[in-house]
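Enquirer: Below are the sequence and a predicted model for it; my questions follow.
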Amino acid sequence: MDLGGMGLGGKVLVFPYETDFSFVALTPRKEMELAAFTLCMRLATELQGERQIILFAYRTADYDELNVWHEKDGRVALYLRGDGVFFNLPPIGTFRTSLCLTWESNRGLTAAWVDGKRSSYQVYKPGHTVRPNGTVLLGQDPDKHPGGTWEATAELPWGR
């Protein structure tokens, strides 16, 4: 999808069917070497039961640098090049939910925000940096392409 510089503000991405080809790939114009970020998205889904859904993926040539998953057990997980940090949050359902994740490298402070309410902080990967020169993939896991039916409005992360 080429947005021609118009951005994602006010746009809604709908993935109506489970496929291995429904996705949006974005190549950031600004390098995303991040020591801190806030990643926000508005989500809704009709998927029921224990399902794993990829919500956001940022991959370089060698690694999944930054992934956000809705896990089978209902938790939301943030993965930075390897192991993850997990949040027990209210369920994502048919009504739009605002989800943000914040992380900073200096102390590793990480939190999830749902509809403006912050979770407790967790310490996750202090000293880590998200590497540049990757691609953002919305709607698919770059490794497995599992598909899924969900709707998202995304705001890409801004680093410090």
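Expert: Received the coordinates, thanks. Note that the coordinates shown come from a computational prediction; the quantities given were computed from them, not determined experimentally. Numbering: from 1, shown residues only.
Enquirer: what pairs with Tyr79 across the strands?
Expert: Counting by DSSP bridges, Tyr79 is bridged to Asn67, Gly84.
Enquirer: That one and Ser119, how far apart?
Expert: Going from Tyr79 to Ser119 by Cβ to Cβ, to the nearest Å gives 17 Å. Heads up, the C-betas are built off the backbone N, CA and C, glycines and all.
Enquirer: all strands in the protein, in order from the N-terminus.
Expert: Under the criterion DSSP state E, the chain contains strands at 13-15, 24-26, 36-45, 53-59, 64-70, 76-79, 84-87, 97-104, 109-114, 117-118, 122-123, 135-138, 150-159.
Enquirer: got the angle between the third one and strand 64-70?
Expert: Regarding strand 36-45 and strand 64-70, their directions subtend 40 degrees when assessed with axes from the mean of the first three to the mean of the last three Cα atoms, to 10 degrees.
Enquirer: quick one: contacts for Thr102?
Expert: Ala36, Phe37, Thr38, Leu39, Leu109, Thr110, Ala111, Trp113 (Cβ atoms under 8 Å, 6 or more residues apart in numbering).
Enquirer: Report the buried members of those residues.
Expert: Ala36, Phe37, Thr38, Leu39, Thr110, Ala111, Trp113 (16 or more other Cβ atoms under 10 Å).
Enquirer: on that earlier part again, report the lowest-confidence entry in the contacts of Thr102.
Expert: Among the contacts of Thr102, Leu39 carries the lowest pLDDT, at 92.
Enquirer: That one contacts Thr110, doesn't it?
Expert: No. Between Leu39 and Thr110 there is no contact under Cβ atoms under 8 Å: 11.1 Å.
Enquirer: quick one: common contacting residues for those two?
Expert: Leu101, Thr102.
Enquirer: so who does Gly93 touch?
Expert: Ala44, Thr45.
Enquirer: try Ser119
Expert: Ser119 touches Phe87, Leu89, Ala111, Ala112, Trp113, counting by Cβ under 8 Å, 6+ apart.
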